[in-house]
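S.K.: give me a 3D structure for the following:
(chains A and B)
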Protein chains: 2
Amino acid sequence: MLNYSLVIHGGAGTILKNQITDEQEKAYRKGLEDALNTGYALLDKGGSAVDAVRAAVCSLEDNILFNAGRGSVFAKDGSQEMDASIMNGQNLMAGAVSAVRNIRNPVQLAYAVMTQSQHVMLSGQGAFDFAKLYGIKTEPDEYFFSQFRYDQWKQIQGSDKTALDHNIITGEKKFGTVGAVALDMKGNIAAATSTGGMTNKQFGRVGDSPIIGAGTYANNKTCAISCTGHGEPFIRAVTAYDVSCLMEYKGLSLHDAMHVVVHDKLLKLDGEGGMIGVDAKGNTAMMFNSEGMYRGLKKNSGEIEIAIYK
Amino acid sequence: MLNYSLVIHGGAGTILKNQITDEQEKAYRKGLEDALNTGYALLDKGGSAVDAVRAAVCSLEDNILFNAGRGSVFAKDGSQEMDASIMNGQNLMAGAVSAVRNIRNPVQLAYAVMTQSQHVMLSGQGAFDFAKLYGIKTEPDEYFFSQFRYDQWKQIQGSDKTALDHNIITGEKKFGTVGAVALDMKGNIAAATSTGGMTNKQFGRVGDSPIIGAGTYANNKTCAISCTGHGEPFIRAVTAYDVSCLMEYKGLSLHDAMHVVVHDKLLKLDGEGGMIGVDAKGNTAMMFNSEGMYRGLKKNSGEIEIAIYK
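M.R.: Reported below is the predicted structural model:
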């Protein structure tokens, strides 16, 4: 029996039921469901894990509710700079972009870097020039605009404060990142992550999302991982690759390796957030040490789950 | 008996004795010796591993012979963009900068990011703005200019060819990066890496040097590592952290862990280059799978070594 499965996330953080209206919750659940269905349909037709994570992440990037692609947060200078990465567990090929503007789907640009260039990571204007050369879809600033993100930014613009995502007034943290991991019928796995970063971020700050080993990692021998959380501790803990090493070198299961990293290693560095994972045998896990994480999974066993809170 | 030691590298690649004049060899050895003495003097006075690697890397950045700081290679647009990173094994704090211009010592800027900001990685103009705010020394373009690097660039400017460092005409590869790892009297370890990148590089390419986990990693529990080589495979292999994981999870010695990564894992990804390492017990190693690596070490046991070829 061939296993295949898709797991996605739409960010983690202080996500509490009493602060979300029924209507908002319904919209988030619908966004997760659409992304799951889009990616799963490809797997169901025999498509590759790489194509499935790409399609699922594109769907989340296109959804204005999530902090990636359309609806990304505003940096201190009012720009919307995005990061993304993707990794193919079959051959350890990887692609990443950081600080790109006006790219409709940063994950597609990361995929082009992986498949069309000799490089792994491109950044800024250079990454944009590469995108134009390879026909990656661009959009004007207006496309990325959302009133909600703009209001968020206006609350703290001019201050030195940065916010990981919204809920600035209440002092709560939400880590706006989207991601997907998948196992396809051929037994190959892949991971992808995309983000609009931190509201009011400055100094060209780069988080963990475009860093292979930190925000994203995939290796058929072990696991595919996509992270969401406070980027700095995730970089210092080399989070995604740590799960892989605990499986490869210590023999831990996907679940146990993720548990060590999310509930022990990251907490020791004040690393709030979570991750999703899949291995080549079809095991899946969604784990977080924050109040909530937008998440979902769909497996050919018939298992479907969409959840937000603890 | 307290152990302390410093290990440095000035890049790896096709470095053959018959292609280097006696005068050139003498200059390279002198550059390595100066950097070793500068960093070691701090350790000898009871200074920290972080300060020692910082001082050693600054010395190599200031030396026009090495591809980092002064004497960095030219990107496709004629600019000199530099990357650097540093990590403190005592507390897992880290700092990194990518694509910075006109910073005299990029490793000092990475140190300022580690110690003065809430972030780990800053890039481009934003990193420069941060540097100005924190009084990091800048220099005009002329400071970084070297006729040798300029001629190198002119050979391939306008083509789509990129070169990892010089020897373009002979088709040979040299990975211009500098780095240092150290153990101090208190038993703390640290690592730092700095580079001017690839000649004629385009699209804002980022290599492994500013990536925590790939080019640089330090953890008192395991090891401090600085890498030099073809950046893309080093990122995909999460090279520096892999050595740490092989030690922590599989119980390998520093030497054996570095051997697995340099002579097996990296080679499987066509990853040419090398690395230097130190652990908290005072073990040191310098390993490469290329023809040569500019390297040196100095230990309080009296051991001193400066070498270039296999």
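S.K.: ok, which stretches of chain A are strands?
M.R.: Under the criterion DSSP state E, chain A contains strands at A:5-13, A:82-88, A:93-100, A:121-123, A:174-175, A:177-183, A:189-195, A:205-206, A:216-218, A:224-229, A:273-278, A:284-288, A:292-299, A:304-309.
S.K.: mean pLDDT lowest for which of those?
M.R.: When these are compared by mean pLDDT, strand A:174-175 comes last with a mean of 74.
S.K.: so can I have CSV of the strands of chain A showing mean neighbour count and distance to chain B?
M.R.: C-beta: built from backbone N, CA, C; applies to glycine. Converted to CSV, the strands of chain A look like this (neighbours: other CB atoms under 10 Å in any protein chain shown; distance: least, CB to the nearest CB, whole Å):
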stretch, mean neighbour count, distance to chain B
strand A:5-13, 29, 17
strand A:82-88, 32, 8
strand A:93-100, 28, 5
strand A:121-123, 29, 4
strand A:174-175, 27, 15
strand A:177-183, 34, 16
strand A:189-195, 34, 13
strand A:205-206, 30, 4
strand A:216-218, 34, 7
strand A:224-229, 33, 12
strand A:273-278, 30, 15
strand A:284-288, 23, 19
strand A:292-299, 24, 22
strand A:304-309, 15, 28
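S.K.: figure out which of the ones you listed is closest to B:Val278.
M.R.: Checking these against B:Val278 by CB to CB gives strand A:216-218 as the closest, at 26.0 Å.
S.K.: just to revisit the earlier point, as CSV, the strands of chain A with distance to A:Val261 would be great.
M.R.: What follows is the strands of chain A, written out as CSV (distance: least, CB to CB, whole Å):
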stretch, distance to A:Val261
strand A:5-13, 14
strand A:82-88, 17
strand A:93-100, 20
strand A:121-123, 23
strand A:174-175, 16
strand A:177-183, 15
strand A:189-195, 15
strand A:205-206, 21
strand A:216-218, 11
strand A:224-229, 9
strand A:273-278, 7
strand A:284-288, 8
strand A:292-299, 15
strand A:304-309, 20
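S.K.: for B:His259, find the nearest of these.
M.R.: Closest to B:His259 of those, according to CB to CB: strand A:216-218, at 23.0 Å.
S.K.: quick one: low-confidence residue ranges for chain A.
M.R.: Low-confidence segments of chain A (pLDDT under 70): A:1, A:163-173.
S.K.: next up, the contacts around the closest residue to chain B within the stretch 51-200 of chain A.
M.R.: In the stretch 51-200 of chain A, the residue that lies nearest chain B is A:Gly126 (2.6 Å; CB to the nearest CB). By CB atoms under 8 Å, 6 or more residues apart in numbering or on different chains, the contact set of A:Gly126 is B:Gln202, B:Phe203, B:Gly204, B:Arg205.
S.K.: surely the second one meets A:Leu122?
M.R.: Yes: counting by CB atoms under 8 Å, B:Phe203 sits close enough to A:Leu122 to count as a contact (4.7 Å).
S.K.: okay, and the common contacts of the two?
M.R.: Counting by CB under 8 Å, 6+ apart, the contacts common to B:Phe203 and A:Leu122 are A:Phe130.
S.K.: which stretch among the strands of chain A comes nearest A:Thr21?
M.R.: The nearest among those, by CB to CB, is strand A:304-309 at 12.6 Å.
S.K.: taking strand A:284-288 as reference, get the angle to that closest one.
M.R.: Relative orientation of strand A:304-309 versus strand A:284-288 (axes from the mean of the first three to the mean of the last three CA atoms, to 10 degrees): 10 degrees.
S.K.: returning to what we had before: which two of the contacts of A:Gly126 have the greatest separation?
M.R.: B:Gln202 and B:Gly204 (7.8 Å).
S.K.: between those two, tell me which one has more neighbours.
M.R.: Set side by side, B:Gln202 and B:Gly204 show more neighbours around B:Gly204, with 26 against 17, by other CB atoms under 10 Å in any protein chain shown.
S.K.: in contact with the more buried one, which residues?
M.R.: Counting by CB under 8 Å, 6+ apart, the residues that B:Gly204 touches are A:Leu122, A:Ser123, A:Gly124, A:Gln125, A:Gly126, A:Ala127, B:Ala99.
S.K.: one more time with 10 Å
M.R.: When contacts are counted by CB atoms under 10 Å, 6 or more residues apart in numbering or on different chains, B:Gly204 touches A:97-100, A:119, A:121-130, B:75, B:81, B:98-99, B:123-124.
S.K.: before we move on, what about A:Gly176?
M.R.: By CB under 10 Å, 6+ apart, the residues touching A:Gly176 are A:10-13, A:65-68, A:71-73, A:149, A:163-166, A:195-199, A:228, A:294.
S.K.: again, only this time at 7 Å
M.R.: A:Gly176 makes contact with A:Gly11, A:Phe66, A:Asn67, A:Val73, A:Asp165, A:Thr195, A:Gly196 under the criterion CB atoms under 7 Å, 6 or more residues apart in numbering or on different chains.
S.K.: and the residues you listed, which of them are in helices?
M.R.: In helices, judged by DSSP state H, none of the contacts of A:Gly176 are found.
S.K.: for these, give me JSON lines that also has distance to A:Tyr249.
M.R.: Below are these laid out as JSON lines (distance: CB to CB, whole Å):
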{"residue": "A:Gly11", "distance to A:Tyr249": "30"}
{"residue": "A:Phe66", "distance to A:Tyr249": "34"}
{"residue": "A:Asn67", "distance to A:Tyr249": "34"}
{"residue": "A:Val73", "distance to A:Tyr249": "37"}
{"residue": "A:Asp165", "distance to A:Tyr249": "34"}
{"residue": "A:Thr195", "distance to A:Tyr249": "29"}
{"residue": "A:Gly196", "distance to A:Tyr249": "35"}
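S.K.: wait, which of these is closest to A:Gly89?
M.R.: Using CB to CB, A:Thr195 is the member of the contacts of A:Gly176 that sits closest to A:Gly89, with 21.1 Å.
S.K.: tell me who's in contact with that closest one.
M.R.: Listed by CB under 7 Å, 6+ apart, the contact set of A:Thr195 reads A:Asn67, A:Ala68, A:Met82, A:Asp83, A:Gly176, A:Thr177, A:Gly207, A:Ser209.
S.K.: touching, A:Ala75 and A:Glu81? I think so.
M.R.: Yes: with contact defined as CB atoms under 7 Å, A:Ala75 counts as touching A:Glu81 (5.3 Å).
S.K.: joint contacts of the two?
M.R.: Residues touching both A:Ala75 and A:Glu81 (CB under 7 Å, 6+ apart): A:Gly197.
S.K.: between the contacts of A:Gly126, which is nearest B:Ala191?
M.R.: Ranked by distance to B:Ala191 (CB to CB), the contacts of A:Gly126 are led by B:Arg205 at 22.5 Å.
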